[in-house]
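> Show me the folded form of this:
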Amino acid sequence: MSSATLSPEAHRVLELARRDREAGREALRALPLEARVALVCETPVARRGEILDLVSDLEALVPALPEAELCFTAKALGLSEAGWLLALASDEQIQACLDLDAWSGLAPDAARLDAWLEALADGGDETLVRAGRALDAELLVLLLRARARVCMKPSEEGWEPPTGSHTLEGQFFLSARREGDDLAPLLQLLHALFREDYWLYFRLMQGAIWELDPELEEWALRWRTERLQDLGFPPWGEAMRIYGFLRPERCGEIPQGGTPLEVGAWRLPIWIPGLPAAPDARHTIFRAAAELGPEERRAFFFAFVALANKLAVADRLPLGDAESIPTAIEKAARIASLGLEHVADSNAMVGVEVLRRVEVERLFRVGASLDPDARPPVASTP
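The predicted structure is shown next:
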């Protein structure tokens, strides 16, 4: 997650490179890998290409980027220009990019899938094969069926393949569903799999002929949902619990026996080096967090980020966009601060003591119950 302005270190490196490009490269080389990852992630996405142009060991740095940050960076470069970046990405990063950015609601987004496939194709056949193996077969079959009709040569004599169809082995034939549609990236994928992983190629071609879209979508969604949960993004129905209404007489309650600051660390797919917990912070909840001890602040950090992730899902923010999590963090802080202020006033307590006794998610529920405009617009389940 990057701010709108350059970090001091990024500004120093870019200014140095402007005067002497090799000096800028050397300044980056002098930093340990973790510091270089931080520098990239703390640079606004629109300017990350400038930093990456100075990196001499991209093959080490790119796989070290958090999954969502790689997605944001590829989109900022422009997917049509990001093939080289995806060629250096890990299988897990490629998988996460499509999980985050190639879906709309509960279904794959055909246009976004096409854009990512073209970017992967630009990364070369090796990248396509890795992506083919990393992505769910169900998703690839859906992509294939959306773009092409596939048929298998029958045993009868005199059969003629469809006009304009393509075949790699004389058994399966595919043709574009829409006249003039460019199947080049799709054919490149199939060619690469045919050479390097015939059984996956065979599975996709058979699936395109015989499998049903509803079943394919159901299984693809199931696998994606499980992976997004591992990244900290729960299913929509679970995420919407943060908006669970509390009656006015319950909003000031302090639940008994809670342990709100016993929250374990978990791997973040987005670069969030810290929250603005400081005595002069704009939001009450961050001013209160500044008074917590170091271990308490660490637990609060992960609890708050978990809340922001749930909010992003509940509000249907596009998870593949760089501004979605900052937007979610801002709203979570504003609404949870309302809740904290109400609970503190109702119990004559200071804010830091409320944080020690009430989970941050409940504080958000209190705030959302008090503010009728806090809930996302009414819509059907995505």
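> In the stretch 101-250 of the chain, where is pLDDT below threshold?
Residue ranges of the stretch 101-250 of the chain with pLDDT under 70: none are present.
> residue contacts, residue 276?
For residue 276, the contact set (CB atoms under 8 Å, 6 or more residues apart in numbering) comprises 282-283, 286. Quick note: C-beta positions are derived from backbone N, CA and C, even for glycine.
> switch the cut-off to 10 Å
282-283, 286-287, 289-290, 329, 333 (CB atoms under 10 Å, 6 or more residues apart in numbering).
> contacting residues around stretch 194-206?
125-126, 128-130, 132-133, 137-138, 140-141, 143-145, 150-152, 168-169, 171-174, 189-193, 211.
> The same query, at a cut-off of 7 Å, please.
Stretch 194-206 has contacts (CB atoms under 7 Å, 6 or more residues apart in numbering) with 129, 132-133, 137, 140-141, 144, 150, 168, 172, 190, 193.
> could you flag which of the residues you listed are buried?
If you count burial by 16 or more other CB atoms under 10 Å, the buried members of those come out as 129, 132, 137, 140-141, 144, 150, 168, 172, 190, 193.
> Which of the residues you listed fall within strands?
Using DSSP state E, the members of these that fall within strands are 150, 172.
> Need the contacts of stretch 194-206 in JSON lines (columns: distance to residue 339).
Shown next, in JSON lines, are the contacts of stretch 194-206 (distance: CB to CB, whole Å):
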{"residue": "129", "distance to residue 339": "50"}
{"residue": "132", "distance to residue 339": "47"}
{"residue": "133", "distance to residue 339": "46"}
{"residue": "137", "distance to residue 339": "45"}
{"residue": "140", "distance to residue 339": "44"}
{"residue": "141", "distance to residue 339": "46"}
{"residue": "144", "distance to residue 339": "48"}
{"residue": "150", "distance to residue 339": "54"}
{"residue": "168", "distance to residue 339": "60"}
{"residue": "172", "distance to residue 339": "58"}
{"residue": "190", "distance to residue 339": "53"}
{"residue": "193", "distance to residue 339": "52"}
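> closest to residue 222 among these?
residue 137 (13.0 Å; CB to CB).
> ok, for that closest one, nearest residue in space, not its chain neighbours?
residue 203 (5.6 Å; CB to CB, 6 or more residues apart in numbering).
> and that neighbour, what are its phi and psi?
Per-residue torsions, residue 203: phi -60, psi -40 (degrees, to the nearest 10).
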